[in-house]
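# I'll drop the sequence and a predicted model, then ask my questions.
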Amino acid sequence: MSEPEVLCEAIADGRHVSPTLLRLLCQAKGAEGIALITDATAGAGLPAESISCWAKPRAWSGMMLPLPKRRCPRGSTSSMIRGVRNMVELCGLSLVEAVQMASQNPARALRIDSIKEASPAAWMRTWSC
């Protein structure tokens, strides 16, 4: 986290990484040094009671799906837009900074800096918050 050239990835659902650690990461890396990621499953954005996995109803623990007979998560229902909102709400970032973390930073890491779709303005026009 202290190395400037390292881009840190974070699942900003408030469960994988606590709000306190998300704020610490923002202080250490700034908006340029963080890429938002998600482990969203096909049920992302759906009410918990309507989700099933592999044609079987699953018991959801908040936003996370535990493995059978285990307590570790298999995935979550938290979407990327929820991660963007959480970075604004939990960390006090601007919407532009949070969108940059979900779009430009991952694109830069993949060396696709030149595409217009990676800009925060283009992303915000596509996805209403």
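Noted; the coordinates are in hand.

# From now on I want contacts and neighbour counts done on CA atoms only, so please keep to that.
Will do.

# any chance you could map the strands in the protein?
Applying DSSP state E to the chain gives strands spanning 8-11, 34-37, 52-53, 56-57, 64-66, 73-76.

# Would you mind listing where the chain has pLDDT under the threshold?
41-76, 113-129 (pLDDT under 70).

# try 80
40-78, 110-129 (pLDDT under 80).

# Break it into its domains for me.
Structural domains annotated on the chain: 1-38+78-129, 40-76, as defined by automatic domain parsing.

# Roughly how far does Gln27 sit from His16?
18 Å (Cα to Cα, to the nearest Å).

# Please identify which of the two sits among more neighbours.
His16 (15 against 11; other Cα atoms under 10 Å).

# Need the CA coordinates for stretch 11-23. CSV is fine.
Presented in CSV, the C-alpha positions along stretch 11-23 are these (Å, rounded to 0.1, in the frame of the first residue of the first chain):
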residue,chain,number,x,y,z
ILE,A,11,-14.3,-4.5,-3.0
ALA,A,12,-16.1,-1.5,-1.6
ASP,A,13,-19.1,-3.2,-0.2
GLY,A,14,-18.3,-2.4,3.4
ARG,A,15,-18.0,-6.1,4.3
HIS,A,16,-15.0,-7.4,2.4
VAL,A,17,-13.1,-4.3,3.4
SER,A,18,-14.4,-2.4,6.4
PRO,A,19,-15.3,1.3,6.0
THR,A,20,-12.4,2.2,8.3
LEU,A,21,-9.9,0.3,6.1
LEU,A,22,-11.4,1.8,3.0
ARG,A,23,-10.9,5.3,4.4
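
# quick one: the helices in the protein?
With DSSP state H, the ranges of helices along the chain come out as 19-29, 80-91, 95-102, 104-109, 120-126.

# Now do the second one against helix 19-29, angle only.
I take that to be helix 80-91. Angle between the axes of helix 80-91 and helix 19-29 is 90 degrees (criterion: axes from the mean of the first three to the mean of the last three Cα atoms, to 10 degrees).

# what's helix 80-91 packed up against?
helix 19-29, strand 34-37, helix 95-102 (3 or more Cα pairs under 8 Å, 6 or more residues apart in numbering; DSSP states H and E).
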